[in-house]
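>>> Give me the fold of what follows.
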Amino acid sequence: MDAVKNPFAPGAGSPPPELAGRDDLREAVRVAVERTRAGKSARSVLMVGLRGVGKTVLLDRMRDDAEASGVHTVRIEAPEDRSLPALLAPQLRVALLRLSKLAHAKDLAVRGLRALAGFAKALKVTYGDIEVGLDYEGEPGLADNGDLEHDLQELLESAGAAAKAAGTALVLFVDELQYVPEPQLAALITAMHRCAQRQVPVLLVGAGLPQLRGRMGNAKSYAERLFTFPEVGPLSADAAVRAITRPIEAEGAEITVGAVERILTDTRCYPYFLQEWGQRSWEVAVESPIKADDVEQATTTAVAALDESFFRVRFDRLTPQEKRYLRAMSELGPGPHRSGAIADCLKREVSSLGPVRSSLIAKGMIWSPSHGDTAFTVPLFDEFMRRIMPSEDWRT
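Coordinates of the predicted model:
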């Protein structure tokens, strides 16, 4: 098989050759964007799901869809060590500068840039990581109180007013939203609520791990009425088959039914793993069609590749206590597991493990599907933990 023609693209946020099984969600976001642009009410969309389900790819495709329709967008990723104001400010500046080039929106866009100047200067003391070019002087009293919850409302309202004058909408696309600290989440929720009340065309489309739902509710109790939280999970069997077969057929090759079934079994239909197995199966196969024996060989190399990168990069961030906690979880299976069962496995009291559990949640390694339950955020991580810590030493 020609390696140059290998169609599969495993990688963090790398777009797959076939984005299968996500059409309904893309359409739901498209409708929300168009309703917002038309001045009609629409709830913002926050997608939640485990690692490897393709949230980032989907977010970027949705942004492409919005940009293609003439909507102005802002795209940020929320890392663990940056503040939301620092991430938003430079991107909002770019959006407002674009809007200022449009005759109908120029004056309101300039006012938005003045709001941004006041916002950045007032919050620089609290959030020292804000770095943004200032094109205009701030307008006294506009988004310059130094209180994030109040100032972000005025800033987004000003930006939304400019978008409305231009006959378009402003859509914020935010990835890894679960890393935003709760007070900053509360400010963002309040600002979106204010935009909805004032009927300015601003929409939020975000993505995060499953704990995002609970964090949004903790930040503001009315968040569940302001946002929808569609769950992005593994693909259906039919969609997973399309994700594998169509790219192969597009390159003039074939794959047997048995080979496809083996890939679906090994990957549990998770999109990232489908790309990894597809790539390795193509590499192993000598000729078309790709057979089940080829996939069996590919599974060995795919698992080794995941262990060296996808899994290992997360494992290396853990403390020894955190590794033991996850190893105990893996001993119990894929999960979710009761906190008491994990404590019993470690021969510890549940209360003594609270700090370790909280730290793992903060790092995005585990989440709580319901009170007292704990689950991995990374699919197949239980199998990896048993491979990386195979002996019984972890118990002591």
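
>>> any low-confidence regions in this protein?
Low-confidence segments of the chain (pLDDT under 70): 13.

>>> Show me it divided up by domain.
With domains defined by automatic domain parsing, the chain comprises 3-13+235-308, 23-228, 318-395.

>>> Now render the ones you listed as a markdown table, adding mean neighbour count.
For the C-beta atoms, the positions are set from N, CA and C on the backbone; glycine is no exception. Listed next are the domains of the chain as a markdown table, based on neighbours: other C-beta atoms under 10 Å:
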| stretch | mean neighbour count |
| --- | --- |
| domain 3-13+235-308 | 19 |
| domain 23-228 | 19 |
| domain 318-395 | 17 |
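
>>> just the strands in the stretch 251-396 of the chain please.
Counting by DSSP state E, counting those that start in this stretch, the stretch 251-396 of the chain has strands at residues 337-338, 366-367, 373-376.

>>> For those strands, give me a markdown table that also has distance to residue 317.
Formatted as a markdown table, the strands of the stretch 251-396 of the chain follow (distance: least, C-beta to C-beta, whole Å):
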| stretch | distance to residue 317 |
| --- | --- |
| strand 337-338 | 21 |
| strand 366-367 | 13 |
| strand 373-376 | 15 |
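
>>> what's the closest of the ones you listed to residue 37?
Smallest distance to residue 37 across these (C-beta to C-beta): 34.2 Å, for strand 366-367.

>>> Looking at the strands of the stretch 251-396 of the chain, spot the one closest to residue 228.
In terms of C-beta to C-beta, the element of the strands of the stretch 251-396 of the chain nearest to residue 228 is strand 366-367, at 19.2 Å.

>>> Just the residues contacting whichever strand or helix holds residue 191, thanks.
Per DSSP states H and E: residue 191 is located in helix 182-198. The contact list for helix 182-198 (C-beta atoms under 8 Å, 6 or more residues apart in numbering) reads 41, 44, 83-85, 148-149, 152-153, 155-157, 160, 177, 180, 202, 204, 215-216, 218-220, 222-223, 226.

>>> Can you list which of those residues are found in strands?
Of the contacts of helix 182-198, the ones assigned to strands by DSSP state E are 44, 202, 204.

>>> Adding distance to residue 35, write these out as TSV.
Shown next, in TSV, are these (distance: C-beta to C-beta, whole Å):
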residue	distance to residue 35
44	11
202	13
204	14
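
>>> Would you mind checking which of the residues you listed is nearest to residue 92?
Nearest to residue 92 out of the ones in strands among the contacts of helix 182-198 is residue 202 (C-beta to C-beta; 10.6 Å).

>>> my read: the closest one touches residue 162, true?
No - taking contacts as C-beta atoms under 8 Å, residue 202 lies outside contact range of residue 162: 10.4 Å.

>>> Give the residues shared as contacts by those two.
Common neighbours of residue 202 and residue 162 (C-beta under 8 Å, 6+ apart) are residue 170.

>>> how far away is residue 308 from residue 302?
11 Å (C-beta to C-beta, to the nearest Å).

>>> typo on my end, it should be residue 352
38 Å.

>>> Show me which of the ones in strands among the contacts of helix 182-198 is closest to residue 72.
residue 202 (10.1 Å).
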